[in-house]
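when you get a sec, could you give me coordinates for this:
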Amino acid sequence: MKEIMQGQGDTPPSSVNGDEITGMDEEGMFYLEEVEEIDLDDENLMDEVADQEEEDADMEPPEDHASFVFSKHIGSVFCCDLHPDGKLAVTGGEDDKAYVWSVETGQLVMDCVGHKDSVIFVGFSHDGAYLATADMCGLIKVWKCNTDENQQEPWTVAFEYEADDLTWGQWHFGARVLIVGAVSGDIYVFKVPSGDTKVLQGHNVKVECGKLFNDGVRLAAGYEDGTVKIWDLKTSAVIHTLPASVHEIRVTAVDTHPEDNLMASISTDGKVVLTTPTNGKVVGQLEIDNDLETVAFAPEPQHGLLALGTLTGAVSIWDVARQMLRHQCAKSDEDVGGVTKMIWIKNHLVTGCLDGSIRVYEGKSGERSQMLTGHRSEVLDLCYNAKQSVILTTSDDGTARIFKYEEKTDND
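A predicted model of the protein is given here:
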């Protein structure tokens, strides 16, 4: 769990644009003798720069389908969540800030003060009683929520914890348990509000991602060296390990089948590995495309669908049982819609894209049914609330947007 302004110490790494910068020393400094001399008096060069600036200014902004735009953040907005009742949103960003605000009016409800680095995770507990905010340097703050419309009682900090530098976080879907992963490879499990802590000790390799199984007891975690582990949260023991030799490179995401009978893990070289969680056996491998970024099982088990998205723009839906391609929703490089985030809403696949759009595909046909625009740069996070039928997105353009989601049937 996943940047924009290269070279800043408070910017989280990302597979979107996390490539190393060449021509720099270990301290991130250029040496003048290594840089090709530029003549600042070159009229042609200056004209080209002016023309490009004029062209950028003249670019037509996309049609904005958002019902509300939240623009209080300064810099990229990395993460977001919606309260279970769908009336409050929380966003966190590069400006070391996390804000809670009204979905309908945008009125600021809470400024989650105290962070000193980019906020890379925000989330409400399953019952909406608590809010967790976590920054890149490892400060975790859990707040007691006040959802009273008059906001007469302040939001108070239930507990704080300083861990190692963090990479991702998530709440348990059925208990007041917060789980975060660290650059050190350790995974922290907190009971809320007591703050009782377990540490699932890693192997000194960054843990890149994590996903709870639907039984609520096991956790799948992917690591930078290609290892995938299945943890038992009750005993803090590793049940099964997929060795690094299977992926051989960084695991970017993991997901679990709704019936917990299959796990999918993906790596940046385009490999998809299907594993049986009960015994850790690899039962299938798919070779998709480099820059594979997202993976998501469809929530309805009878459909047996697995969606994959790449940063080059390919979106595909697979038949899991047959391990066969069912729909090629979008092809690589056919447009600028490379995928950064992906969720299912019933039988529809919702993707956040590099061009700032939200594209929705029908699971049964693979056809694109909707495209929501408004962002002027890549989508960095998105979430959905069924009660209010809204999608919340955050972007590199410094804004968060609320979109009304009109659910369509495959026959529409």
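
what's the spacing between the closest residue in space to E224 that isn't next to it in sequence and L311?
In this structure, E224 finds its nearest non-sequential neighbour in K206, 4.2 Å apart by CB to CB, 6 or more residues apart in numbering. Where you see a C-beta, it was placed from the backbone N, CA and C, and this is true even at glycine. Distance, K206 to L311, by CB to CB, to the nearest Å: 20 Å.

who's more crowded, these two?
With neighbours defined as other CB atoms under 10 Å, K206 and L311 compare such that L311 has more, 23 against 19.

check contacts around the residue lying closest to that one once chain neighbours are set aside.
Leaving aside its chain neighbours, L311 sits nearest to D291 (4.0 Å; criterion: CB to CB, 6+ apart). For D291, the set of contacting residues under the criterion of CB atoms under 8 Å, 6 or more residues apart in numbering consists of 15, 268, 270, 310-312, 338.

also L219?
Under the criterion of CB under 8 Å, 6+ apart, the contact list for L219 reads 179, 187, 200, 210-213, 230-231, 233.

7 Å instead, please
The neighbourhood of L219, defined by CB atoms under 7 Å, 6 or more residues apart in numbering, consists of 179, 210, 212, 231, 233.

next one: A314
If a contact means CB under 7 Å, 6+ apart, then A314 has 289, 330-332 as its contacts.

mind giving me the ChimeraX command for buried ones among those residues?
A single ChimeraX command suffices to select whichever of the contacts of A314 are buried according to 16 or more other CB atoms under 10 Å:
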select :289,330,332
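
which ones among the contacts of A314 are found in strands?
Filtering the contacts of A314 for membership in strands, criterion DSSP state E, returns A330.

after the helix or strand containing A307, next one along is what?
Under the assignment given by DSSP states H and E, the secondary-structure element containing A307 is strand 305-310. Using DSSP H and E, the helix or strand that follows strand 305-310 in sequence is strand 315-319.

which elements pack onto that following strand?
Contacts defined by 3 or more CB pairs under 7 Å, 6 or more residues apart in numbering; DSSP states H and E place strand 315-319 against strand 305-310, strand 324-330.

closest to T393 out of these?
Taking CB to CB, strand 305-310 is the member of the helices and strands packed on strand 315-319 nearest to T393, at 15.3 Å.

who does the closest one pair up with?
Strand 305-310 has these partner strands in its sheet, going by DSSP bridges: strand 292-297 (antiparallel), strand 315-319 (antiparallel).

would CSV of those with mean neighbour count be doable?
Shown next, in CSV, are the strands paired with strand 305-310 (neighbours: other CB atoms under 10 Å):
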stretch, mean neighbour count
strand 292-297, 23
strand 315-319, 22
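
how about these in a markdown table, adding distance to L262 and mean pLDDT?
Rendered in a markdown table, the data for these read as follows (distance: least, CB to CB, whole Å; pLDDT from 0 to 100):
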| stretch | distance to L262 | mean pLDDT |
| --- | --- | --- |
| strand 292-297 | 8 | 96 |
| strand 315-319 | 12 | 96 |
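
including distance to M371, could the ones you listed go into CSV?
Converted to CSV, the strands paired with strand 305-310 look like this (distance: least, CB to CB, whole Å):
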stretch, distance to M371
strand 292-297, 18
strand 315-319, 12
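
of these, which is nearest Y223?
For these, distance to Y223 was read as CB to CB. The smallest value, 15.9 Å, belongs to strand 292-297.

next one: the closest one to chain centre, how far?
What separates the centre of strand 292-297 from the centre of its chain is 11 Å, taken as CA atoms, centre = their mean, to the nearest Å.

can you offset everything so residue one is 355?
Taking 355 as the first residue, the last one we looked at is strand 646-651.

residues in contact with L734?
L734 makes contact with 430-432, 694, 748-750 under the criterion CB under 7 Å, 6+ apart.

from those, which is closest to F651?
Distances from the contacts of L734 to F651 were compared by CB to CB; the smallest belongs to T694, at 18.5 Å.

what sits closest to T487 if chain neighbours are left out?
Nearest in space to T487, with sequence neighbours left out and distances taken as CB to CB, 6+ apart, is A452 at 4.2 Å.

V600 should be in a helix, yeah?
Yes. V600 forms part of a helix when assessed by DSSP: H, G, I helix; E, B strand; the rest coil.
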